[in-house]
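with the input below, show me the fold.
(one chain, ligands or ions: 1)
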Amino acid sequence: MIEAQALSKRYGTKTAVDAVSFTAQPGKVTGFLGPNGAGKSTTMRMIVGLDNPSGGRATVNGVPYAKHKAPLRELGALLDAKAVHPKRSAYTHLRALAATHGIPNSRVREVIELAGLGPVARKRVGGFSLGMGQRLGIASALLGDPSTVILDEPVNGLDPEGVQWVRRLAKSLAAEGRTVFLSSHLMSEMALTADHLIVIGRGRIIADAPVQSIIDGQGAARVRVRADRPQDLLGSLAADGVSAQILEPELLEITGVEPRRVAEAAVRNGVLVYELTPIQLSLEDAYLQLTSQEVEYQSHSLTPSGLLAASTEGHRA
Ligand SMILES: Nc1ncnc2c1ncn2[C@@H]1O[C@H](COP(=O)(O)OP(=O)(O)OP(=O)(O)O)[C@@H](O)[C@H]1O
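Numbers count the residues shown, from 1 in each chain. Now for the predicted structure:
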């Protein structure tokens with residue numbers, strides 16, 4: 001388990017992490033999301049003792065990480081996959097790490113196979129691709145068979161097989177009762193992997209809830225309807241304060257209503273309905289709505305007239 005209590009980090013006048021409190025529970029994959037510069041890496045670095053908090057505290061299994069006698073057995077972390085001596089092979093790197101904790105070579109071989117590094121285990125890490133480096137970082141994190149795992153952007157640079165592997169791995173570690181805490185900017189991947197989400201913006205927690213309730217909390221129910229007389233259907237629903245958009249002559253998108261009420265209104269008015277589809281907000285939609293006020297580094301796109309337009313609505317200057 002990971003617990004942060006009023007955890008803060010200031011760099012000069014910049015508050016990177018601002019009195020953040022949360023718990024990552026055992027048996028769950030907890031996703032850690034936020035825009036660039038929101039404070040994710042800083043929070044993770046404080047959890048593993050690489051940065052000292054300016055205030056508050058973080059514990060791993062009830063104890064600050066640095067106070068654990070055999071930290072690799074408590075928590076495995078992938079924070080910066082490039083933090084490996086480039087002249088070492090994957091095998092010698094893992095053996096050196098293992099030696100600090102009396103971990104046998106059989107476990108080194110096991111994590112090499114688990115991470116799919118077998119064919120390159122004796123090659124110098126300096127020549128590794130981004131994806132192979134990530135695999136080695138994950139192998140290192142798992143070396144001590146820890147009860148808690150932190151993975152910062154684990155799928156960065158991985159091929160589709162690797163992405164799927166990380167997804168299955170995270171889920172199976174959680175199913176074994178471990179705490180899995182991971183960050184990713186890939187929302188579709190997060191939606192498939194995480195049980196619970198913690199969303200941070202400008203150093204503060206803006207959501208801490210199960211994935212589905214974050215999605216549900218961000219939008220009223222919407223239904224796509226194909227009907228032969230959309231105006232009659234709308235007339236009947238309008239009285240209930242429902243808003244709708246006519247997308248095509250016989251295609252409507254209705255907001256704020258459940259499909260059953262649309263079907264009932266259709267029956268009452270003798271309207272023929274030949275499609276009735278509830279529209280699910282994606283995690284990406286929900287995330288963008290949640291963080292629209294919290295984006296610090298904003299991208300721009302060229303409009304047809306050649307002017308730069310901000311791509312993030314609601315950006316706070
Ligand atoms: N060593 C440092 N010195 C000064 N400022 C820092 C330092 N490390 C981080 N920051 C600042 O703290 C804020 C949070 O950075 P952090 O790297 O934790 O964000 P992040 O959420 O991990 O972002 P990203 O998604 O881009 O990786 C940023 O504004 C960053 O510029």
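
got phi/psi on the residue with the largest distance to the centre of the chain?
When distances are taken from the C-alpha mean of the chain, residue 270 lies farthest, 46.1 Å away, according to CA atoms, centre = their mean. The phi/psi pair for residue 270 (degrees, to the nearest 10) reads phi 60, psi 30.

can you pull the pLDDT of it?
Note on residue 270: pLDDT of 94.

distance-wise, check it relative to residue 284.
According to CB to CB, to the nearest Å, residue 270 and residue 284 sit 39 Å apart. Heads up, the C-betas are built off the backbone N, CA and C, glycines and all.

ok, residue 208 next?
Noted for residue 208: a distance of 19 Å to residue 284, by CB to CB.

ditto for residue 140
Per CB to CB, residue 140 is found 30 Å from residue 284.

returning to that earlier point: and the residue farthest from the centre of the chain, how far from residue 214?
Distance from residue 270 to residue 214, by CB to CB: 40 Å.

which stretches of the chain aren't confidently modelled?
Applying pLDDT under 70 to the chain picks out residues 81, 297-317.

tell me which parts of it are close to the ligand?
Counting by CB under 6 Å from any ligand atom, the chain comes close to the ligand at 11, 14, 16, 34, 36-42.

need the contact partners of the host helix or strand of residue 286.
Assigned by DSSP states H and E, residue 286 belongs to helix 283-291. Helix 283-291 is contacted from outside by 33-35, 187-188, 190-191, 199, 201, 206-207, 211, 214-215, 217-219, using CB atoms under 8 Å, 6 or more residues apart in numbering.

do that again at 10 Å, thanks
31, 33-35, 38, 185-192, 194, 197, 199-202, 206-207, 211-219, 279-282, 295, 312-314 (CB atoms under 10 Å, 6 or more residues apart in numbering).

among those, which are in strands?
Cross-referencing the contacts of helix 283-291 against strands under DSSP state E gives 31, 33, 197, 199-201, 206-207, 279.

quick one, which of the residues you listed are buried?
The neighbour count (16 or more other CB atoms under 10 Å) marks 31, 33, 197, 199-201, 206-207 as buried among the ones in strands among the contacts of helix 283-291.

ok and the residue in the stretch 201-317 of the chain nearest the ligand?
When scored by CB to the nearest ligand atom, the stretch 201-317 of the chain has residue 296 as its residue closest to the ligand, at 6.5 Å.

count of neighbours near the residue nearest to that residue when sequence neighbours are not counted?
Nearest non-adjacent residue to residue 296, counting by CB to CB, 6 or more residues apart in numbering: residue 37, 4.7 Å away. Residues lying near residue 37 (other CB atoms under 10 Å) number 17.

surely residue 37 and residue 17 touch.
No. Using CB atoms under 10 Å, residue 37 is not in contact with residue 17; the gap is 11.2 Å.

much appreciated, bye for now.
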